[in-house]
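Enquirer: my questions are about this predicted structure, shown below with the sequence.
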There are 2 protein chains.
Amino acid sequence: MALQLLRHALVSLLVVAVHAAGATRAGGDMHHLQMVTSTAGTARAVASCASWRLGVETNNIRDWYSIPAECRSYVRDYMYGDLFRQDCAVVAGEAAAYAEGLELAGDGEEVWVFDVDDTTLTNLPYYADTGFGAEPYNATYFDEYVANATAPALPEVLELYEKLLSLGIKVVFITGRHDDEEAATVKNLRSAGYHTWEKLVLKPSSLGSSVVPYKSGERQKLVDAGYRIVGNMGDQWSDLTGAPEGDRTFKVPDPMYYVG
Amino acid sequence: MALQLLRHALVSLLVVAVHAAGATRAGGDMHHLQMVTSTAGTARAVASCASWRLGVETNNIRDWYSIPAECRSYVRDYMYGDLFRQDCAVVAGEAAAYAEGLELAGDGEEVWVFDVDDTTLTNLPYYADTGFGAEPYNATYFDEYVANATAPALPEVLELYEKLLSLGIKVVFITGRHDDEEAATVKNLRSAGYHTWEKLVLKPSSLGSSVVPYKSGERQKLVDAGYRIVGNMGDQWSDLTGAPEGDRTFKVPDPMYYVG
């Protein structure tokens, strides 16, 4: 514990040095705070990137288009650091403990729903190239990234996936990726270690952009077909809200973007 | 920003020193990790109190009875520190911006639902005396605390309350406090600065302990009576889940206890 804290303290000091250098390059204006525009159109300063991140993770901050500019290095350090790994380990660990504690019927109808992007697979390589959520979404580049099918697994979620399969829970992927990306998605899931699944549901290209009706509608189809959704995991609240949510939901941390 | 980070780094170093001292007193076992028991009965170590807190705030960690023993000083420092204040400011600020952006009918039927304990009022004085959530809940002492009617307002929420009233949104308190605590609750709300409200709903003493059916049922009664719940704010997910949730929910940070 003490060594870990010491390490964190030293990282913080390093971050101070980096920030001070950045502020010098930017003309020494260390108190400049980027304004963000909320849903309501009110410009407000971000007092703390940590508090901003908590606000995002708890679904208190919604409908945002990019991370606050002054949180770019904070988000980068978070995504590459121990805390993101530990945050992922907590959610995957809680999910595994929950699944292990279930009294399963073992009739093959118990399923776990996973989102794909930044849940089973991580798009950190794409976001690292585009400002960790600070730069506008680049659809062309992201489509290329998906087509390359090289997204790594989020390791904690891959471990959970193996645990669920070993318990006899089937896996269903419901993704906002479009149906014309099926081949690349199948290839990427397999190469990342997700070797089997009950269903992979992609979004019809004809469908609009609203995620909650699409994903909750697909969950309803699973229930109508006789499946029982024992768990539902995603990095966006729009993966998790809207009936039927599943018996329990798990929010994977993601401070890089918002999908409503 | 740099000064703030430097301060955080120095606080971290101080925490290192305190932990190292504690470990020495405990016989040098710096790697001892208190085990916590999850819902599923699986004992797991807490790798990071910050990740544990995020897990609690995102509703990933549920059904816990006390904070992990090794997070006692972490929770104390958090509750007394800048981060809790900033976390509260973010949620209250988002709520205020959302409310300001609403097109209100102004017909007197628009209401905002607040939980009481650790939302409008803070019970930090009680928790400071009982280990910040590390010691078992002391019903006798807590009842005394409630009867004393001295709980301070959570300042960021009081400010939001004033904003909502100024916009013409009425306030409804729905609390898990029992109806025999009405007089003390009224006295405490008033002395803390909450001078007016549309309704104060307390739990009938006859009702069981399950919060979600009680609170969602009371929200349904509001809707049935013609009110429109434009916002719903609480420190527990059991304040916020269960239809009708309200048009938007706001989770106030609270790492000290869990009410399911």
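Expert: That came through fine. Keep in mind it's a predicted model, so treat the numbers as computed, not measured. Numbers count the residues shown, from 1 in each chain, chains lettered A, B, ... in the order given.
Enquirer: hey, where'd the strands end up in the stretch 101-250 of chain A?
Expert: A:110-114, A:170-178, A:199-203, A:228-234, A:249-251 (DSSP state E, counting those that start in this stretch).
Enquirer: mind checking pLDDT for the spatially most central residue of chain A?
Expert: The residue lying closest to the centre of chain A (Cα atoms, centre = their mean) is A:D235, at 3.0 Å. On the pLDDT scale, A:D235 is placed at 98.
Enquirer: you'd agree it is up against A:L121?
Expert: No. Taking contacts as Cβ atoms under 8 Å, A:D235 lies outside contact range of A:L121: 10.5 Å. Using the backbone N, CA and C atoms, a C-beta is placed for each residue, glycine as well.
Enquirer: burial of the nearest residue in space to A:P136 that is not next to it in sequence, as a residue count?
Expert: Distance criterion Cβ to Cβ, 6 or more residues apart in numbering or on different chains; nearest residue to A:P136, sequence neighbours excluded, is A:S66 at 6.5 Å. For A:S66, the neighbour count with other Cβ atoms under 10 Å in any protein chain shown is 19.
Enquirer: do the same with A:G226
Expert: 9.
Enquirer: could you list every residue that touches it?
Expert: Shown in contact with A:G226 (Cβ atoms under 8 Å, 6 or more residues apart in numbering or on different chains): A:E109.
Enquirer: from what I can see A:L200 touches A:A184, true?
Expert: No. When contacts are counted by Cβ under 8 Å, A:L200 is not listed as touching A:A184 (11.8 Å).
Enquirer: report pLDDT for A:A47.
Expert: So A:A47 comes in at 75 (pLDDT).
Enquirer: for the residue in the stretch 101-250 of chain A positioned nearest to chain B, grab the count of nearby residues.
Expert: Residue of the stretch 101-250 of chain A nearest chain B, by Cβ to the nearest Cβ: A:G101 (2.7 Å). Applying other Cβ under 10 Å, we find 12 residues neighbouring A:G101.
Enquirer: okay, helices next: where are they in chain A?
Expert: Per DSSP state H, chain A carries helices over the ranges A:2-25, A:49-57, A:72-80, A:82-101, A:124-128, A:139-148, A:155-167, A:182-192, A:211-224, A:237-240.
Enquirer: lowest mean pLDDT across the ones you listed, which one is that?
Expert: helix A:2-25 (a mean of 36).
Enquirer: quick check: phi and psi on A:P204?
Expert: phi -60, psi 140 (degrees, to the nearest 10).
Enquirer: need the contact list for it.
Expert: Neighbours of A:P204 in contact, by Cβ under 8 Å, 6+ apart: A:H178, A:D179.
Enquirer: from A:G55, how far out is it?
Expert: Here the criterion is Cβ to Cβ, to the nearest Å. By it, A:P204 lies 33 Å from A:G55.
Enquirer: what residues does the stretch 151-260 of chain A put near chain B?
Expert: Within the stretch 151-260 of chain A, the residues that sit near chain B (Cβ under 8 Å from any Cβ of the partner chain) are A:R248, A:T249, A:F250, A:K251, A:P253.
Enquirer: and those as a markdown table, adding pLDDT and neighbour count?
Expert: Output for those, formatted as a markdown table (pLDDT from 0 to 100; neighbours: other Cβ atoms under 10 Å in any protein chain shown):
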| residue | pLDDT | neighbour count |
| --- | --- | --- |
| A:R248 | 98 | 21 |
| A:T249 | 98 | 20 |
| A:F250 | 98 | 26 |
| A:K251 | 98 | 24 |
| A:P253 | 98 | 25 |
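Enquirer: can you put those in a markdown table and add distance to A:N60?
Expert: Converted to a markdown table, those look like this (distance: Cβ to Cβ, whole Å):
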| residue | distance to A:N60 |
| --- | --- |
| A:R248 | 21 |
| A:T249 | 17 |
| A:F250 | 18 |
| A:K251 | 13 |
| A:P253 | 15 |
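Enquirer: check these and tell me the two furthest apart.
Expert: A:R248 and A:P253 (17.3 Å; Cβ to Cβ).
Enquirer: any buried residues in stretch A:169-185, and which?
Expert: Along stretch A:169-185, these residues count as buried under the neighbour rule (16 or more other Cβ atoms under 10 Å in any protein chain shown): A:169-178, A:181, A:184-185.
Enquirer: quick one: it to chain centroid distance?
Expert: On the basis of Cα atoms, centre = their mean, to the nearest Å, stretch A:169-185 sits 15 Å off its chain's mean C-alpha point.
Enquirer: figure out the length between the terminal residues of it.
Expert: Taking Cα to Cα, to the nearest Å as the measure, stretch A:169-185 stretches 22 Å from start to finish.
Enquirer: stretch A:229-239 now?
Expert: 13 Å.
Enquirer: just stretch A:235-244 next, same as before
Expert: 18 Å.
Enquirer: ok, now stretch A:174-188?
Expert: So stretch A:174-188: terminal residues 15 Å apart, Cα to Cα.
Enquirer: so which residues make contact with that stretch?
Expert: Contact partners of stretch A:174-188, identified using Cβ under 8 Å, 6+ apart, comprise A:113-117, A:121, A:146-151, A:200-205, A:211, A:214-215, A:218-219, A:239, A:259.
Enquirer: the residues you listed, buried ones only, as a ChimeraX selection?
Expert: To isolate the buried members of those in ChimeraX, using 16+ other Cβ under 10 Å:
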select /A:113,114,115,116,117,121,146,149,151,200,201,202,203,211,214,215,218,219,239,259
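Enquirer: any idea how many residues pack against the closest residue to A:P255 other than its chain neighbours?
Expert: In space, and not counting its chain neighbours, A:P255 is closest to A:R53: 4.7 Å by Cβ to Cβ, 6+ apart. Per other Cβ under 10 Å, the neighbour tally for A:R53 reads 24.
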